[in-house]
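Enquirer: sequence? don't have it. structure:
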């Protein structure tokens, strides 16, 4: 009986010792950092080295915090720009706990940090958007349209020049937010606009502006095309008249040469013999008869007329 009680006491003592040791030790992982509190108040500096560590059991507590980068996702808000245009801005950021002790004192936990970041980042976003025009928040640079010729110049002229730009606004918001958060034990590593969208009224205005710009470009090219078409048609008519004139001139030259050659042949034949001259006269008279006379033509001739000579012989 005494031996059994002895084993029970030993076992109980071992359990108590193990329980006390469990309460007196804690483990810090690679992605963790710890603040030790005693009766709710922080004791000493933050423990950031991974491994097994010791604390006073029962009266001290290990509070774990993330060492890794964490995400902040803002709610879309309707924000006015400097030129009085309302847009929906959706943002996100990356942050980390840079001073765990200060973080614990000021914010207690990550939920408190997220709530505080909501106030800081949403407020800075609203302020910087309100200080700049719509183009500054949407565009990052004075880009040149990647199109050739005059259309590139037209599109370039239609784009307003920016001085700040989206990237710089994001960086200014991050810097300003870090100034507010520096005594909270956190650091904002990155801040971005996840999405910027126009409200319905502004969206219609933007679409109308885009349409008017495209109509202006189309009208310019249409007028230039009509001018070019008129020029081409004018050149075509001028070249056609030139070709016709040259063709008529050449045809008349050929016809003149042919007539001259025919006259020469007739003259030679006429001079060869009286019979040839008689035949020539007869042939020419027949040609005249054929040209001048038809069934409706009447002639009054004397008997000694040259024109009547061959008709009289036909009797």
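Expert: Now that the structure is in, tell me what you want to look at. Keep in mind that this is a model prediction, so the values were computed, not measured.
Enquirer: From residue 256, how far out is residue 263?
Expert: 10 Å (C-beta to C-beta, to the nearest Å). Glycine gets a C-beta too; all of them are placed from N, C-alpha and C.
Enquirer: That should have said residue 285, apologies.
Expert: 25 Å.
Enquirer: Please look at residue 35 and residue 97 and confirm they touch.
Expert: No: counting by C-beta atoms under 8 Å, residue 35 does not reach residue 97; the two are 10.2 Å apart.
Enquirer: What residues of whichever strand or helix holds residue 177 count as buried?
Expert: Using DSSP states H and E, residue 177 sits within helix 166-181. Counting neighbours by 16 or more other C-beta atoms under 10 Å, one finds that the buried residues in helix 166-181 are 166, 169, 170, 172, 173, 174, 176, 177, 178, 180, 181.
Enquirer: same for it, what does it pack against?
Expert: helix 110-130, helix 134-138, strand 186-198 (3 or more C-beta pairs under 8 Å, 6 or more residues apart in numbering; DSSP states H and E).
Enquirer: Neighbour count: residue 35 and residue 97, which is higher?
Expert: Neighbour count, other C-beta atoms under 10 Å: between residue 35 and residue 97, residue 97 has more, with 24 against 20.
Enquirer: State the helix or strand in which the nearest residue to that one once chain neighbours are set aside lies.
Expert: Leaving aside its chain neighbours, residue 97 sits nearest to residue 103 (4.9 Å; criterion: C-beta to C-beta, 6 or more residues apart in numbering). Per DSSP H and E, residue 103 falls inside helix 100-106.
Enquirer: Checking my notes, residue 34 in a helix, right?
Expert: No: counting by DSSP: H, G, I helix; E, B strand; the rest coil, residue 34 is not found in a helix; it is strand.
Enquirer: what sits against it?
Expert: 26, 28, 46, 47, 48, 53, 62, 63, 64, 65, 100 (C-beta atoms under 8 Å, 6 or more residues apart in numbering).
Enquirer: If we use 7 Å, what do you get?
Expert: Shown in contact with residue 34 (C-beta atoms under 7 Å, 6 or more residues apart in numbering): 26, 28, 46, 47, 62, 63, 64.
Enquirer: quick revisit: could you check which of residue 285 and residue 256 has the larger neighbour count?
Expert: residue 285 (15 against 10).
Enquirer: Can you point out the helix or strand that includes that one?
Expert: According to DSSP H and E, residue 285 maps onto helix 274-292.
Enquirer: For that helix, what does the pLDDT average out to?
Expert: Across helix 274-292, pLDDT averages out at 67.
Enquirer: How about stretch 175-185?
Expert: The model assigns stretch 175-185 a mean pLDDT of 93.
Enquirer: Thanks a lot, see you next time.
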